[in-house]
Each structure stands twice: as C-alpha cells, then as structure tokens.
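J.: Here is my input, please return the structure:
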Amino acid sequence: MKRDEVADAAPLPETLDLINTFRTLTRYRSYLAGLVALLAYESQIPEVAATKIDGLRRFYGVSHERGLSFFQVHLRADRFHANTARQILHEHLTPADAETLVPTCEQALDALWGMLDGVYAQYC
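T.: This is a model prediction of the structure:
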C-alpha cells in the first residue's frame, strides 16, 4: 500500500469511536478524567511493545536497532507517561473521585478494546 493510500484511507467506525471517546474524556470532562483515560491507554503500551520486540526478534530475526526502534521508544516513553499519570493521580485523587473516574476508565478501555475488535473483524 502506498503512503497516500494510507493517508487517505477512511478510519473504521470503531477507530472513530475510540478517537471521539478519548476527545470527549480528555477535553470535555475534568482534568482527572482525561488523565485516567490516558493512563488506561498508556499503561498497556509498554507490555505490548515488549511483546512486539520479542516477536520481531524471535520470529523474524530483526535485531537491528532501526527495526526495533519504534517499539523501543514506546516501551520507554509510555512507561514514563504511565508512571507520571499515576503520580499525578496519587497526588490529586480523592475517594469521592472514584465514583466518576472508575466508569471513565472503563469507558476508555471499552473504546480501546472496541477499536481492536474492529481491526480484527475487518482484517482477520
């Protein structure tokens, strides 16, 4: 597939739902709600990146830094992002916030997993 084909491709409905959900949670709700949504996403990426690096090495023989760099950057950066979000939440979260923030986290995760389900249904 060529670069312009990728750039001009229409997103799957589940991808649009993910984007809209995260925009809503991060722009139109509280600061903490946006932070919880981002933590729900960012905290999963390091493990995914580590699995991708392992698979590229074991199954495809990729060992050159350039071939692994995308995932290595995300392994480090998203670990930092998640830890920073946790620290901010630890400093500012109150027990009363849990009533709204637990459902916010669930909404973010549902949208993320829905997007992955959409990709699977479309391409697998």
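
J.: going forward, measure contacts and count neighbours with C-alpha atoms only.
T.: Fine.

J.: okay, which residue is most central for this protein?
T.: Closest to where the C-alpha atoms of the chain average out (CA atoms, centre = their mean) is Tyr41, at 3.5 Å.

J.: My guess is that residue contacts Asp110. True?
T.: No: the pair Tyr41 and Asp110 fails to qualify as a contact (CA atoms under 8 Å) at a distance of 10.7 Å.

J.: low-scoring stretches of this protein, by residue?
T.: The model of the chain has no residue with pLDDT under 70.

J.: and Glu47, how far is that from Pro95?
T.: Remark: distance between Glu47 and Pro95 (CA to CA, to the nearest Å) = 29 Å.

J.: Comparing these two, which residue is more hemmed in?
T.: Glu47 (14 against 6; other CA atoms under 10 Å).

J.: Need phi/psi at that one.
T.: Glu47 adopts backbone torsions of phi -70, psi -40, taken as degrees, to the nearest 10.

J.: Contact partners for it?
T.: Taking CA atoms under 8 Å, 6 or more residues apart in numbering, we find Glu47 in contact with Leu75.

J.: All further residue positions should be reported with the first residue as 26.
T.: Sure, I'll start counting at 26 from here, so that last one is Glu72.

J.: Run a quick neighbour tally on Phe96.
T.: Going by other CA under 10 Å, the residues that sit close to Phe96 add up to 18.
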